[in-house]
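Colleague: One predicted model, sequence on top.
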Amino acid sequence: MLYEQIRQNKRRTVYVLIGFVLLVLAIGAAIGYVFFNSSVAGLLMALVIAVVYSAIMIGNSTNVVMSMNHGHEITSADQAPELWHIVEDMALVARVPMPRVFIIDDPSPNAFATGNDPQHAAVAATSGILQILNREELEGVIGHEMTHVRNYDIRLQTIALALSAAISLLVNIGMNSFWWGGSRRDRDDDDNDGGYLQIIMFIVSIVLVILGPLAASIAQMALSRNREYLADAGSVELTRNPQGLISALQKISGGEPMQAADSSSAALYITNPFKNERRFAHLFDTHPPIADRIDRLQKM
Amino acid sequence: MITAIVIIVVLVVLGIIYASLYNGLIRARTYTQESWSQIDVQLKRRNDLIPNLVETVKGYGHYEQSTLEKVTSLRSQLMGVPSDDHQKAMEVSNQLSDTLKSILAVSEAYPDLKANEEYSKLMEELSNTENKIAYSRQLYNSSAASLNMKLQTFPSNMVANLHHFTPADYLQVPEEEKSAPKVSFDN
């Protein structure tokens, strides 16, 4: 059951990521078609922007994310023995190097992992989570974060952020040339044999440009939700103790929203730091409902 | 000419396959050995902590002398186990874990002892070590499982037979021992 779930999640993640890249390229082509009269130019532009953005984001250090979320680093076991030792334990079983450890001074219980790869990873926990969870529960939470590290979710999340940013840049470029360019329409009038096909292409492109950013955030959230189930499963693989994570999730879900969290990092946390329970907007959730996660854990 | 080329290509491909199977086996065996040495490190660490623990709790006088003696004797017994006898080492270690657990359980009833800073530091160290023993044993068992899997499945079993790889033993996990880390950290 557990291993099957992990495999299934990995497959789904690949589909979503492929879809995401195709979306960036399609939006690039649409913008090229509508605003510059050349889909290929738009496609190339999208490719270049996506690659450059991803490279910049991957190069960005852990420090940026940590300072956005007001984390301070601890460098020895004396500063927070329990947290430090648990991170050591989980790194040991997950066979990854010891990540950097951060504490965020916030009474709300939460935790997250970030970085580029297991060699340059960091784990953060709020002071609130350290207070309300016992050792077993904290092991479940840190196991969850360590799975994000081991599975390269931390890098995937950074790339997803980069691709979303690329889409909004593309749309901005398109809009600017639409308002200031103006040359496109003249050429269209000369072109008489286009007919219905061109009108349809034009409408489809416009729709794509308008809905693109929306689709991007839906894709990003779907990616994140799948990863959460996978990390829950991975945590149990490490600790062999589903009960610890279940009761941790129950305790965390009763907590208050975070003060210190940065909104673009929301997807990184173990549970949504802002707790907005919008009933009809589940498409935009970064995290699956806690009840669902507990349900899956109980079936393991 | 063409036949010669075909034969050479086939030989090269076979050589590459052979090498990668062999490397995979070596990797699995190294992981297994390495994870045993992790356990070994933790067992030694705990042995180093025990004299301190005995020294700290002795002053409180709430302990039966026999329990403390048992801990000390198990400790020296563990030190005497030959380094390649994994099963024996784990068996003694499990008994030691149980005895330590009973010491820690008794101390729960004495607030003055719990308030002792030296003692609470020792407690964290000890429960950290117990956890690490359990986790490195888990890692050892999964490494051993993946080595044994390679030894039994085709085609890696052919290479393994040629080089006389031997399967790794699993370490038994006693049922009650699983709860050892819980000792006292519930709020």
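Modeller: Nice, I can see it.
Colleague: for chain B, what are the low-confidence residue spans?
Modeller: The model of chain B has pLDDT under 70 over residues B:61-64, B:174-187.
Colleague: State the phi and psi torsions of the residue of the stretch 201-300 of chain A found nearest chain B.
Modeller: Of all residues in the stretch 201-300 of chain A, the one sitting closest to chain B is residue A:240 (6.7 Å; CB to the nearest CB). From N, CA and C alone the C-beta is placed, and that goes for glycine too. Note on residue A:240: backbone dihedrals following degrees, to the nearest 10 are phi 50, psi 30.
Colleague: Wait, it touches residue B:135, no?
Modeller: No: applying CB atoms under 8 Å, one finds residue A:240 not in contact with residue B:135, separated by 9.4 Å.
Colleague: So those two - more neighbours on which side?
Modeller: Ranked by neighbour count (other CB atoms under 10 Å in any protein chain shown), residue A:240 and residue B:135 place residue B:135 first, with 26 against 14.
Colleague: Assign a three-state SS to the more buried one, would you?
Modeller: helix (DSSP: H, G, I helix; E, B strand; the rest coil).
Colleague: Next: the one 3 residues further on.
Modeller: Look at residue B:138: counting by three-state DSSP, its state is helix.
Colleague: what's it in contact with, if anything?
Modeller: Neighbour list for residue B:138: A:93, A:240 [criterion: CB atoms under 8 Å, 6 or more residues apart in numbering or on different chains].
Colleague: Recalculate using a threshold of 6 Å.
Modeller: Residues near residue B:138 by CB atoms under 6 Å, 6 or more residues apart in numbering or on different chains: none.
Colleague: before we move on, what about residue A:123?
Modeller: By CB under 6 Å, 6+ apart, residue A:123 lies in contact with A:87, A:99, A:101, A:113, A:145.
Colleague: would you list the residues you listed in CSV and tack on distance to chain B and pLDDT?
Modeller: Converted to CSV, those look like this (distance: CB to the nearest CB, whole Å; pLDDT from 0 to 100):
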residue, distance to chain B, pLDDT
A:87, 11, 94
A:99, 16, 94
A:101, 15, 94
A:113, 19, 89
A:145, 16, 93
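Colleague: Which of those residues fall within strands?
Modeller: Among the contacts of residue A:123, DSSP state E puts A:101, A:113 in strands.
Colleague: of all the contacts of residue A:123, which comes closest to residue B:18?
Modeller: Among the contacts of residue A:123, residue A:99 lies closest to residue B:18 (CB to CB), at 37.4 Å.
Colleague: Who does the residue nearest to that closest one when sequence neighbours are not counted form a beta bridge with?
Modeller: Leaving aside its sequence neighbours, residue A:99 sits nearest to residue A:121 (CB to CB, 6 or more residues apart in numbering or on different chains; 4.0 Å). In this structure, residue A:121 bridges to residue A:115 when assessed by DSSP bridges.
Colleague: what about residue A:121, how many residues close to it?
Modeller: Residues near residue A:121, counting by other CB under 10 Å: 25.
Colleague: from memory it sits against residue A:100, does it?
Modeller: No: with contact defined as CB atoms under 6 Å, residue A:121 does not reach residue A:100; the gap is 7.3 Å.
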